[in-house]
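Colleague: Coordinates for the following, if possible.
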Amino acid sequence: MTNSNVHRIEIEGKEVLLIGTAHVSPKSVEEVKEVIEQERPDSVCVELCHSRYQSITDADRWKKMDVIKIIKNGQAMMLLSNLILASHQKRLARKFGIKPGQEMIQGIESAKEVGASLCLADRDIQTTMLRLWRPLTFINKVQLFISLLASLFANDDITEEELDKMKGQDMLTSILDEIGQSFPHLKTTIIDERDQYLAHKIKTASGNKVVAVLGAAHVPGIKKELMKDHNLDELTKLPPASNTGKILGWGIPLFILAIIISTFSIDQATGIDQLTSWILWNGSLAALGTLIALGHPLSILVAFLAAPISSLSPLLAAGWFAGITEAMLRKPQVKDFENISDDVYSVKGFWQNKVTRILLVVVLANIGSSLGTIIGGADVVRQFLNTVF
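Modeller: Residues are numbered from 1 along each chain as shown. Below is the predicted model of the structure:
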């Protein structure tokens, strides 16, 4: 068959067909069905990992979410970022009247129809996100999160002709395109590494004929990577937490405390001013972040009270206390978990759904507290220098 989106490759006695798709295109769904029915492969590989496969086949997955555990594990910002990325794809998919990932669902269904083995060929999404997330400094994480949050307000008015052009891009890549220059390792983690992982899984899939359903941005890389050998252990290894982050996490609070104590020994009045500045900057900006997230008044108060103390310990975070308070006062109901998939379609939905609002409270309170630490810490140092000199 002649189709510019289908790439036929012979490798090691195996025939491999790569179907490049746009993740929200009705035409891509039709192409997947047509190719698998005509080729009747031994295996069908889809660009899904086990958790993403469950997410599109298990409608009740959100009901199993433990919000408190997510907060305590420090995963709120990562999960919220993931939801924002998903929302962009969902909005475009809704515009064209299909379910996000429908081409993958079609691949799964068509594999069953022709009796082909199904291969979940992608690296686990959590592994990809952690390999993306851990090398970032806190400031980089905030910059990335704000950039993603801004994408919620982006204009998704796009024609189907423009959508066809997007077959040259992975959906995730299209969202991150504008911020990719600031975070060069995004492409390495999200595209290049997964090209290698996908190529290995496709090459080792059972049978002599394999059809792979992929986001089109992966096709050029996979065609090259199929000719190479890859170590999956290296591609799934999680990077250790940054030592620099640990040093700064403990060093900055100790430095601030040392300066305040030193100032008290010289000028008690200035020492009190330093404490006041530290408390007001930390507390006020953490409370402001909670307010922007539309947190409960008591959550706002907790953020204000917790921030000046939590900023002095890397083991604590104002957002954790504010988020747990929000979860207790406005406990998510079953319908909130059930509606996450629909609510992330809009900015309003993110703020109205109790689950995503809790995540927003955690993230925005922590961002506010971090800004308060920077500004308040600078003021503490300024007052100390004025006192000494």
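
Colleague: Is residue 20 within a helix or a strand, and which one?
Modeller: In this assignment (DSSP states H and E), residue 20 forms part of strand 14-21.

Colleague: Could I get the buried residue list for the following helix or strand past that strand?
Modeller: Next helix or strand after strand 14-21 toward the C-terminus (DSSP H and E): helix 26-39. By neighbour count on 16 or more other C-beta atoms under 10 Å, the buried set for helix 26-39 is 26-29, 31-36, 39. For glycine as for every other residue, the C-beta is placed from the backbone atoms N, C-alpha and C.

Colleague: got the CA positions of helix 26-39 in PDB?
Modeller: C-alpha atoms of helix 26-39 as PDB (Å, rounded to 0.1, in the frame of the first residue of the first chain):
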ATOM      1  CA  PRO A  26      -9.500  11.000  13.100                       C
ATOM      2  CA  LYS A  27      -7.500  10.100   9.900                       C
ATOM      3  CA  SER A  28      -4.800   8.500  11.900                       C
ATOM      4  CA  VAL A  29      -7.300   6.200  13.500                       C
ATOM      5  CA  GLU A  30      -8.600   5.100  10.100                       C
ATOM      6  CA  GLU A  31      -5.000   4.500   8.900                       C
ATOM      7  CA  VAL A  32      -4.100   2.300  11.800                       C
ATOM      8  CA  LYS A  33      -7.200   0.200  11.300                       C
ATOM      9  CA  GLU A  34      -6.600  -0.100   7.500                       C
ATOM     10  CA  VAL A  35      -2.900  -1.000   7.800                       C
ATOM     11  CA  ILE A  36      -3.400  -3.700  10.400                       C
ATOM     12  CA  GLU A  37      -6.300  -5.300   8.600                       C
ATOM     13  CA  GLN A  38      -4.400  -5.400   5.300                       C
ATOM     14  CA  GLU A  39      -1.000  -6.500   6.700                       C
END
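
Colleague: Redo the buried residues of helix 26-39 as a markdown table? Include distance to residue 105.
Modeller: Converted to a markdown table, those look like this (distance: C-beta to C-beta, whole Å):
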| residue | distance to residue 105 |
| --- | --- |
| 26 | 13 |
| 27 | 15 |
| 28 | 11 |
| 29 | 8 |
| 31 | 14 |
| 32 | 9 |
| 33 | 11 |
| 34 | 15 |
| 35 | 15 |
| 36 | 13 |
| 39 | 19 |
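
Colleague: of these, closest to residue 113?
Modeller: Using C-beta to C-beta, residue 36 comes nearest to residue 113 of the buried residues of helix 26-39, at 7.8 Å.

Colleague: Distance check, the closest one against residue 53.
Modeller: Distance of residue 36 to residue 53, given as C-beta to C-beta, to the nearest Å: 17 Å.

Colleague: And the pLDDT for the closest residue to residue 216 other than its chain neighbours?
Modeller: Once flanking residues are discounted, residue 216 sits nearest to residue 20: 3.4 Å by C-beta to C-beta, 6 or more residues apart in numbering. With respect to pLDDT, residue 20 has a value of 90.

Colleague: Also the one 3 residues further on?
Modeller: In this prediction, residue 23 carries a pLDDT score of 63.

Colleague: picking up where we left off before, could you dump the strand holding residue 20 to CSV, C-alpha only?
Modeller: In CSV, the C-alpha atoms belonging to strand 14-21 read as follows (Å, rounded to 0.1, in the frame of the first residue of the first chain):
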residue,chain,number,x,y,z
LYS,A,14,11.8,-9.2,10.1
GLU,A,15,9.4,-6.8,8.3
VAL,A,16,8.5,-3.8,10.4
LEU,A,17,5.9,-1.2,9.5
LEU,A,18,5.9,2.1,11.4
ILE,A,19,2.7,4.1,11.3
GLY,A,20,3.3,7.8,12.1
THR,A,21,0.1,9.3,13.7
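
Colleague: Give the helix, strand or coil label for residue 313.
Modeller: coil (DSSP: H, G, I helix; E, B strand; the rest coil).

Colleague: Report the backbone C-alpha coordinates of whatever helix or strand residue 221 lives in in PDB.
Modeller: Assigned by DSSP H and E, residue 221 belongs to helix 218-225. Extracted in PDB, the C-alpha atoms of helix 218-225 (Å, rounded to 0.1, in the frame of the first residue of the first chain):
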ATOM      1  CA  HIS A 218       9.200   9.300  16.900                       C
ATOM      2  CA  VAL A 219       9.400   7.700  13.400                       C
ATOM      3  CA  PRO A 220      12.600   9.300  12.100                       C
ATOM      4  CA  GLY A 221      14.500   8.600  15.300                       C
ATOM      5  CA  ILE A 222      13.200   5.000  15.500                       C
ATOM      6  CA  LYS A 223      14.200   4.300  11.900                       C
ATOM      7  CA  LYS A 224      17.800   5.100  12.900                       C
ATOM      8  CA  GLU A 225      17.700   3.400  16.300                       C
END
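
Colleague: ok and that helix relative to strand 14-21, angle-wise?
Modeller: 160 degrees (axes from the mean of the first three to the mean of the last three C-alpha atoms, to 10 degrees).

Colleague: average pLDDT for helix 218-225?
Modeller: When pLDDT is averaged over helix 218-225, the result is 92.

Colleague: Next: stretch 316-335.
Modeller: Stretch 316-335 shows a mean pLDDT of 90.

Colleague: Compute the first-to-last residue distance for that stretch.
Modeller: 31 Å (C-alpha to C-alpha, to the nearest Å).

Colleague: buried residues in it?
Modeller: By 16+ other C-beta under 10 Å, the buried positions in stretch 316-335 come out as 317-327, 330, 332.

Colleague: okay if I get those residues as CSV plus distance to residue 47?
Modeller: As requested, those are exported to CSV (distance: C-beta to C-beta, whole Å):
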residue, distance to residue 47
317, 35
318, 38
319, 33
320, 35
321, 39
322, 37
323, 33
324, 36
325, 40
326, 36
327, 34
330, 37
332, 31
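
Colleague: Show me which of those is closest to residue 387.
Modeller: residue 318 (28.3 Å).

Colleague: what domains does the record give for the chain?
Modeller: 6-236, 243-388 (automatic domain parsing).

Colleague: so of those, which one's packed in deepest?
Modeller: A comparison of the domains of the chain by mean neighbour count, using mean count of other C-beta atoms under 10 Å, puts domain 243-388 on top with a mean of 20.
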